[in-house]
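Student: got a structure for you, letters missing:
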């Protein structure tokens, strides 16, 4: 079967080539959805996302990307729960190295895998565009007297933000794409992917609605969601995710299984790396939450 292994016979009507074809179609759908969200939030909240101001354009695109992420998260999380429950109802337990071609994996293979590939490719493109174009040029330096030189009337100059590449998010997306491709190439591992998606994306809607409420000026909703999101994130990323991930990693590297050795070790490494990234994000979130509580006490 080779170092990395080859996929066993796939479902009669839907195999890996079909996943790639559907992913290409859903990539177009993600772009269309992004544009619909962009136009919709500008129409509903013109004061926050006014066209023509560079910073507000960038903010509008950023929130359109967030809402696209929310849509992806809701769909794939629901399909992950459905797939895992179908397996548990069938056998009473999870089988991480079960072939992707079994009936209980069909819905996830046909829709969630291509959707996740499409979304992560689309959002990777947005992250790169955000750095190379949407962020705009660096802000003008201050004069010695503390004032800034006169800028042109260009919106790009008036509302420029410092360039900042979202490296951690970029690496996260590359890791997710690689993990999906490994599951497809080896022909097994859908249940490990379901677990990763469930734990990784379940807090996404709360997170992005939290950001969105801040950007449209809904302070009361933002304050409420700050508590809810911080608690949900800590439970998911500091408790549930590490525990389940350790179980999967142990299965991949310490238990005899049907995965090719190189693929299993790579999947285990990605799983561990994403958990470490989650803990790094948690540290940032907790610090921001502490600052939020201090501001609340001062009010």
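Tutor: Alright, I've got the coordinates. What you are looking at is a predicted structure, and each value in this text was computed from that prediction instead of being measured. Numbering: from 1, shown residues only.

Student: Just the helices from the stretch 1-150 of the chain, written as ranges.
Tutor: Using DSSP state H, counting those that start in this stretch, the helices of the stretch 1-150 of the chain run over 16-44, 54-91, 106-107, 113-129.

Student: For the second one, list every residue counted as buried.
Tutor: Within helix 54-91, the residues scored as buried using 16 or more other Cβ atoms under 10 Å are 54-73, 75-77, 79-80, 83-84, 86-87. Using the backbone N, CA and C atoms, a C-beta is placed for each residue, glycine as well.

Student: Dump the helices of the stretch 1-150 of the chain to CSV, plus mean pLDDT and distance to residue 273.
Tutor: Below are these laid out as CSV (pLDDT from 0 to 100; distance: least, Cβ to Cβ, whole Å):
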stretch, mean pLDDT, distance to residue 273
helix 16-44, 94, 23
helix 54-91, 92, 20
helix 106-107, 92, 28
helix 113-129, 95, 15
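
Student: Nearest to residue 261 among these would be which one?
Tutor: helix 16-44 (20.8 Å; Cβ to Cβ).

Student: Could I get the buried residue list for that closest one?
Tutor: 16, 19, 22-23, 26-27, 29-30, 33-34, 37-38, 41-42.

Student: just checking, what packs against it?
Tutor: helix 54-91, helix 113-129, helix 167-186 (3 or more Cβ pairs under 8 Å, 6 or more residues apart in numbering; DSSP states H and E).

Student: Including distance to residue 296, could the ones you listed go into JSON lines?
Tutor: Compiled in JSON lines, the helices and strands packed on helix 16-44 are given as follows (distance: least, Cβ to Cβ, whole Å):
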{"stretch": "helix 54-91", "distance to residue 296": "24"}
{"stretch": "helix 113-129", "distance to residue 296": "32"}
{"stretch": "helix 167-186", "distance to residue 296": "28"}
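
Student: Please list all residues in contact with residue 29.
Tutor: residue 118 (Cβ atoms under 8 Å, 6 or more residues apart in numbering).

Student: Quick one, which of the helices and strands packed on helix 16-44 gets closest to residue 210.
Tutor: Taking Cβ to Cβ as the measure, the helices and strands packed on helix 16-44 were each checked against residue 210, and helix 54-91 came out nearest at 9.7 Å.

Student: now that closest one, how far from the centre of its chain.
Tutor: Relative to its chain's centre, helix 54-91 lies at 8 Å (Cα atoms, centre = their mean, to the nearest Å).

Student: again, but for stretch 100-120
Tutor: Distance of stretch 100-120 from the chain centroid (Cα atoms, centre = their mean) equals 16 Å.

Student: now for that stretch, what's the gap between its first and last residues?
Tutor: 21 Å (Cα to Cα, to the nearest Å).

Student: again, but for stretch 237-245
Tutor: First-to-last residue span, stretch 237-245, Cα to Cα: 10 Å.
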